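Trainee: One predicted model, sequence on top.
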Amino acid sequence: MKNNNKLFIAIIIALVLGVALGAFVHYQYPDGKAEFSKNIKLFGTIFIRLVQMIIAPLVFSTLVVGIAKMGDMKMVGRVGAKAMTWFITASLVSLSVGLLLVNWMKPGKGTSIKMDDLSSADDLLKNTKSFSLEQFVTHVVPKSVIEAMATNEILQIVIFAILFGIALSSMGKLGNPIMKSLDIVSHVVLKMVTYIMWTAPLGVFGAVAAAVANYGFEIFSLYARYLVAFAIGILVLWVLLLLVGYMILGNRLWVLLKRIKSPLLIAFSTTSSEAVFPKLVEELERFGCKSKIVSFTLPLGYSFNLDGSMMYMTFASIFIAQVYGVDMSLGEQLTMLLVLMLTSKGVAGVPRASLIVVVATCAMFGIPPEGIALILPIDHFCDMARSMTNVLGNALATTAVDKWESEPETITQETA
């Protein structure tokens, strides 16, 4: 616990220093801010790459062991059904919150902002030109597990791990040596997490300093309506998530929030919910969740339960439509919501991943996709909030499924 508090304090200090240094460079050396941002961002890059290095082996080993330890395939199906029920419900609620807020507050209406330079969106537009159902399927279903691990395609790794875990479990005692080996691998990787997490303050410092140096503080006033409306949306989503969490966990919810404060802050600072996956596994197990539930539910959540990103997708898409004066009927907006329910699955919890889906959706509904360039300058700040929300959503989902699974066991023991 002491180490956890020390890490939390170190991250706060890094955050403050990053903002101060970034602001100094932005206002005192405007000509050198681009070069400074490019170089200082390398600190954040080092941290993110160190974390990405262990994502594939951790997801694979923990998920396979989780399924194999369950032994009973009925339990796998039961836990999977409970998890997917939470994920689908949370996704619909998140998308609906974004849709309602952006229609109510209309942050894109009546703006005089004109986007003449679209060069900042070129990379995103290139990535979405070929977006199709075929591309989505090939992105989800792996053709090679080695390729999936090399590129950190979490959903592909999850699919392979589930099939591998089910097959391993069906082998009985013959599969025990492999299961024990993978169990050891998962513990070794989790030990690596404790070392890597101490580079988090360095990553936070670099990422925040780069963002502030690039955009400065005036970016907040320039996009005030957008940021305020989005912040209210995130706040509403947090209230809903915490209310549901309190209904399920009771007063233990506050214990959970204390446990995951470091993962929440790291996700907020680095704009990557993926970056805290290993630390989140560790903290949820310390909270009291069963290892087999965590190792099965959490990887699925990172593919199917990104609540903050889901809310942002409807919010950003309708915002761009408002800016360009594209009026969408209620039917079109509901259709967009359902489309996003499908196309957003498997979106990695990494910076800007959800923007790819936003651009593709805009193109699909006749909204100028180049409008993404409007929100790119402030997306870093929005990504902070949605990444932190993704972490909260997955922590609550995992603890809820764990409690639902524990209750039948308790009843059985009391009856016996």
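Mentor: Yep, it's here.
Trainee: how about Val255, what does it touch?
Mentor: Phe287 (Cβ atoms under 8 Å, 6 or more residues apart in numbering). No exception for glycine: its C-beta is placed from N, CA and C like everyone else's.
Trainee: one more time with 10 Å, if that's ok
Mentor: Counting by Cβ atoms under 10 Å, 6 or more residues apart in numbering, Val255 makes contact with 249, 287-288.
Trainee: Turn those into JSON lines, columns for secondary structure, distance to Ile54 and pLDDT.
Mentor: Shown next, in JSON lines, are the contacts of Val255 (DSSP: H, G, I helix; E, B strand; the rest coil; distance: Cβ to Cβ, whole Å; pLDDT from 0 to 100):
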{"residue": "Leu249", "secondary structure": "helix", "distance to Ile54": "29", "pLDDT": "91"}
{"residue": "Phe287", "secondary structure": "helix", "distance to Ile54": "21", "pLDDT": "91"}
{"residue": "Gly288", "secondary structure": "coil", "distance to Ile54": "24", "pLDDT": "90"}
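Trainee: are any of the residues you listed buried, and which?
Mentor: Taking 16 or more other Cβ atoms under 10 Å as the criterion, what is buried in the contacts of Val255 is 249, 287.
Trainee: Looking at the contacts of Val255, which is nearest Ile266?
Mentor: Closest approach between the contacts of Val255 and Ile266, by Cβ to Cβ: Phe287, at 17.0 Å.
Trainee: quick revisit: looking at the contacts of Val255, spot the one nearest Leu17.
Mentor: Using Cβ to Cβ, the contacts of Val255 come closest to Leu17 at Phe287, 30.5 Å.
Trainee: ok, so what distance separates the closest residue to that closest one other than its chain neighbours from Glu285?
Mentor: Distances taken as Cβ to Cβ, 6 or more residues apart in numbering place Arg259 nearest to Phe287, at 4.8 Å, with adjacent residues excluded. Per Cβ to Cβ, to the nearest Å, Arg259 is found 10 Å from Glu285.
Trainee: rewinding a little: who are the contact partners of the residue nearest to Phe287?
Mentor: Counting by Cβ under 10 Å, 6+ apart, Arg259 makes contact with 1, 4, 280, 282-288, 395, 399.
Trainee: Tell me, what's the model's pLDDT at it?
Mentor: We have a pLDDT of 90 for Arg259.
Trainee: sorry, back to before: would you turn the contacts of Val255 into a markdown table with distance to Ala207?
Mentor: Putting those into a markdown table (distance: Cβ to Cβ, whole Å) gives the following:
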| residue | distance to Ala207 |
| --- | --- |
| Leu249 | 32 |
| Phe287 | 27 |
| Gly288 | 32 |
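Trainee: and of the contacts of Val255, the nearest to Ile157?
Mentor: Phe287 (24.7 Å).
Trainee: Next one: the closest one from Leu240, what distance?
Mentor: 21 Å.
Trainee: show me where the stretch 301-416 of the chain has helices.
Mentor: 307-323, 330-343, 353-364, 372-415 (DSSP state H, counting those that start in this stretch).
Trainee: Distance from the second one to the middle of the chain?
Mentor: This means helix 330-343. Distance of helix 330-343 from its chain centroid, counting by Cα atoms, centre = their mean, to the nearest Å, is 21 Å.
Trainee: Need the contact partners of it.
Mentor: Residues outside helix 330-343 that contact it (Cβ under 10 Å, 6+ apart): 88, 91-92, 94-96, 98-99, 102-103, 131, 133, 136, 310, 313-314, 317-318, 321, 326, 328-329, 354, 356-358, 360-362, 364-367.
Trainee: Now the buried members of the residues you listed.
Mentor: Using 16+ other Cβ under 10 Å as the burial test, those include 91, 94-95, 98-99, 102, 131, 136, 310, 313-314, 317-318, 321, 326, 328, 354, 356-358, 360-362, 364-365, 367 as buried.
Trainee: Buried ones only from the contacts of Arg259, please, as a ChimeraX command.
Mentor: Those of those that count as buried under 16+ other Cβ under 10 Å are selected in ChimeraX with:
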select :4,280,282,283,284,285,287,395,399
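Trainee: first to last residue in stretch 142-153, what's the distance?
Mentor: Start-to-end span of stretch 142-153 (Cα to Cα, to the nearest Å) is 9 Å.
Trainee: Check the model's average confidence along it for me.
Mentor: 84.
Trainee: Ok, stretch 227-238 next?
Mentor: Mean pLDDT, stretch 227-238: 92.
Trainee: Any idea which of the helices of the stretch 301-416 of the chain gets closest to Leu300?
Mentor: Nearest of the helices of the stretch 301-416 of the chain (Cβ to Cβ): helix 372-415, 8.8 Å.
Trainee: Please state the offset of that closest one from the chain centre?
Mentor: Distance, centroid of helix 372-415 to centroid of chain: 9 Å (Cα atoms, centre = their mean).
Trainee: do stretch 190-202 as well
Mentor: On Cα atoms, centre = their mean, the centre of stretch 190-202 falls 19 Å from the chain's centre.
Trainee: can you check stretch 201-212 too?
Mentor: That offset, for stretch 201-212, works out to 19 Å (Cα atoms, centre = their mean).
Trainee: picking up where we left off before, check the gap between the residue nearest to Phe287 and Tyr27 for me.
Mentor: Counting by Cβ to Cβ - Arg259 and Tyr27 are separated by 39 Å.
Trainee: do the same with Leu280
Mentor: When Leu280 is compared with Tyr27 (using Cβ to Cβ), they lie 37 Å apart.
Trainee: again with Ile48
Mentor: Distance from Ile48 to Tyr27, by Cβ to Cβ: 27 Å.
Trainee: now do Pro57
Mentor: 44 Å.
Trainee: and what of Ser272?
Mentor: On the measure of Cβ to Cβ, Ser272 and Tyr27 end up 28 Å apart.
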